[in-house]
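[1] With the sequence up front, the predicted model follows.
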Amino acid sequence: MDNNIADASEMENAAVVTGFRRLEDYLSINIYEEYTEACTKFDTLFVFLKEQGQNMITEEMKTNWSYSIIPGHKYEQKEERNPKLFPPLKRRQFYNYNLFVLYKRFQCLKYYGTKEEFSVITEMLTREIQICFEVKSLNEKDYENRKEIGDYIITEMERFFNDKDITIRTIGSVHTKLALLDSDINLGIRISPERIKKGQLLFSPDNWSNILYDTYYLAKCLRDIGMEATLPIPLANRTKFTDPTSGLKFIFGIDNSLIFERDNLIIEYLKLDKRIKPLIVAVLQFTRFQKINRSIREQTLSTYSYVIMTLHFLMNTLEKPVIPSLQKLCGECDSSDCFYNLYDGPVSTFFNNKFEKADVQYHTCIRVINKQTGVVRSVDNDDSKSTIWYSENDDDLGTLLLGFFDYYSRRDNYKEISIISGTGKLFGLTKEEQRSDIVWVQDPFMIKKNIARSCKYFSLKKIADVFTAAADILKEGRAFQDICDE
């Protein structure tokens, strides 16, 4: 708003304020017909905004933004008003006039009973989430064991390809260290960007030999190095197999969707706050038990979708965000070691049956300082080269999980899920592109890719209902195990 009379705030979603008369002048000039219609039906703009405007925003526009019309002298009087979200006025002369205040409505956690009773529930739930994290996820020794076995398979399979432009990497939950005890280990075949031509079809021999997509050939190679229970899945371009010594199950195929790069972005987010990893593990354990995590028959959401949904919740829905966006950081970054500044250009990826270029640039220099709890994350870099981001969120894990369940119990909140810009809005899409699906979880690198596209109306209803029921059960004081454990 060009006529903002409030001081600048370091918060991206800070309220903007203007005099009500200035608002009337602006609307009468720039949208004269709509302004005239509102004044004709409701006598004045003031009456229209007081009686009908809020309903239009809530029911028709379905936005998180709202507004208030308040006397200037009352703007700074409320003690509970956050001065960073509602910055002070630049000049006291506006204290004698009505003000139009545009602000963002944040997630409000619903709870039963008194705040003291609710606090007891969230503290118990926090302990249960921590136990779930310790019991259901892999420890460092488990990860080292999987890495050792995976490295052996990678070395042997790369010998079959005998091509310096073809490499294999561990990808997915074992790479990000978000794996549960029974998670498969994913190995991705990666092609050097120099070998991939923009616009080429997926199976073009100009990019590589077709044997990389021959799942039966890959299964034969795996048997030759001693792997068992090989199962080619041609439609998915994947081959499943089992390591006979450890009994661990693997999935092997082309990484043509920047899985390795997106894993690295997730790893960077996990470093920002010690609450993020146990919260995500709790969400994944819950969604798997409730059978709303990648059920092909019912077209539910993937593990990757739930990870992005959790980060979106922590970044964009809370009055006091837990994390910033690492792709569109608000402020300057001067770190010479930051990946954002070392970035050397787009990488190749597969999208819509062709290979295209995608921007995978993000910050790796962020050091979060929590003003309530102290430093939450210490980066590997020299502090002098770090970019500081301040958080005031001190919610415990129980409060955050209940907030997550409450937020995603409402189906309207699935329309725009994105971590790219830090605003919560889908980034770089037209309105026509956004209307195509009822659930939109935006891939952080391939901005036109909806990773939740397969989720349709009845599946979304089931997911939202499951979250609603879970929140209600937990608010009664029942255990986390009651909703996600055998």
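    Yep, that arrived.
[2] Identify the residues contacting Thr287.
    Asn293, Leu301, Tyr306 (CB atoms under 8 Å, 6 or more residues apart in numbering). Where C-beta positions appear, they are placed from N, C-alpha and C, glycine not excepted.
[3] for stretch 24-37, how far is the first residue from the last?
    Start-to-end span of stretch 24-37 (CA to CA, to the nearest Å) is 13 Å.
[4] and it, how far from the chain's centre?
    Taking CA atoms, centre = their mean, to the nearest Å, one finds stretch 24-37 lying 38 Å from the centre of the chain it belongs to.
[5] which of the residues in that stretch are buried?
    For stretch 24-37, the neighbour count (16 or more other CB atoms under 10 Å) marks Glu24, Tyr26, Leu27, Tyr35 as buried.
[6] Show me the two of those that sit farthest apart.
    Greatest spacing in the buried residues of stretch 24-37, by CB to CB: Tyr26 and Tyr35 (9.3 Å).
[7] want to throw the contacts of Thr287 into JSON lines with neighbour count?
    JSON lines is the format used below for the contacts of Thr287 (neighbours: other CB atoms under 10 Å):
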{"residue": "Asn293", "neighbour count": "19"}
{"residue": "Leu301", "neighbour count": "24"}
{"residue": "Tyr306", "neighbour count": "25"}
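[8] which among those residues gets closest to Lys177?
    Nearest to Lys177 among the contacts of Thr287: Tyr306, at 15.9 Å, using CB to CB.
[9] Which residues outside the host helix or strand of the closest one are in contact with it?
    Per DSSP states H and E, Tyr306 falls inside helix 303-316. With contacts defined as CB under 8 Å, 6+ apart, helix 303-316 is touched by 107, 173, 178, 262, 266, 269, 273, 276, 279-280, 283-284, 287, 293-294, 301, 321-325, 400, 403-404, 407-408, 417-419, 422-424, 441-442, 444, 451-452, 455.
[10] Filter those down to just the ones in helices.
    173, 262, 266, 269, 276, 279-280, 283-284, 287, 400, 403-404, 407 (DSSP state H).
[11] among those, which two are most distant?
    Arg262 and Gly403, at 24.7 Å, using CB to CB across these.
[12] out of the ones in helices among the contacts of helix 303-316, which are buried?
    173, 262, 266, 269, 276, 279-280, 283-284, 287, 400, 403-404, 407.
[13] For my notes, please list those residues in TSV and give distance to Arg238 and pLDDT for each entry.
    Shown next, in TSV, are these (distance: CB to CB, whole Å; pLDDT from 0 to 100):
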residue	distance to Arg238	pLDDT
Ser173	16	95
Arg262	18	95
Ile266	21	97
Tyr269	26	96
Ile276	29	96
Leu279	29	97
Ile280	24	98
Val283	25	97
Leu284	21	96
Thr287	22	95
Leu400	34	97
Gly403	36	96
Phe404	31	97
Tyr407	33	96
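[14] Contacts for the helix or strand containing Arg169 next, please.
    Counting by DSSP H and E, the element that carries Arg169 is strand 166-171. If you take CB under 8 Å, 6+ apart as the criterion, strand 166-171 is touched by 146-147, 150, 154, 157-158, 175, 185-192, 208, 212, 255, 259-260, 263.
[15] got the ones in helices among the contacts of helix 303-316 as JSON lines, with distance to Ala358 columns?
    Shown next, in JSON lines, are the ones in helices among the contacts of helix 303-316 (distance: CB to CB, whole Å):
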{"residue": "Ser173", "distance to Ala358": "22"}
{"residue": "Arg262", "distance to Ala358": "10"}
{"residue": "Ile266", "distance to Ala358": "16"}
{"residue": "Tyr269", "distance to Ala358": "18"}
{"residue": "Ile276", "distance to Ala358": "24"}
{"residue": "Leu279", "distance to Ala358": "28"}
{"residue": "Ile280", "distance to Ala358": "24"}
{"residue": "Val283", "distance to Ala358": "26"}
{"residue": "Leu284", "distance to Ala358": "26"}
{"residue": "Thr287", "distance to Ala358": "27"}
{"residue": "Leu400", "distance to Ala358": "31"}
{"residue": "Gly403", "distance to Ala358": "32"}
{"residue": "Phe404", "distance to Ala358": "28"}
{"residue": "Tyr407", "distance to Ala358": "29"}
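[16] Many thanks, we can stop here.
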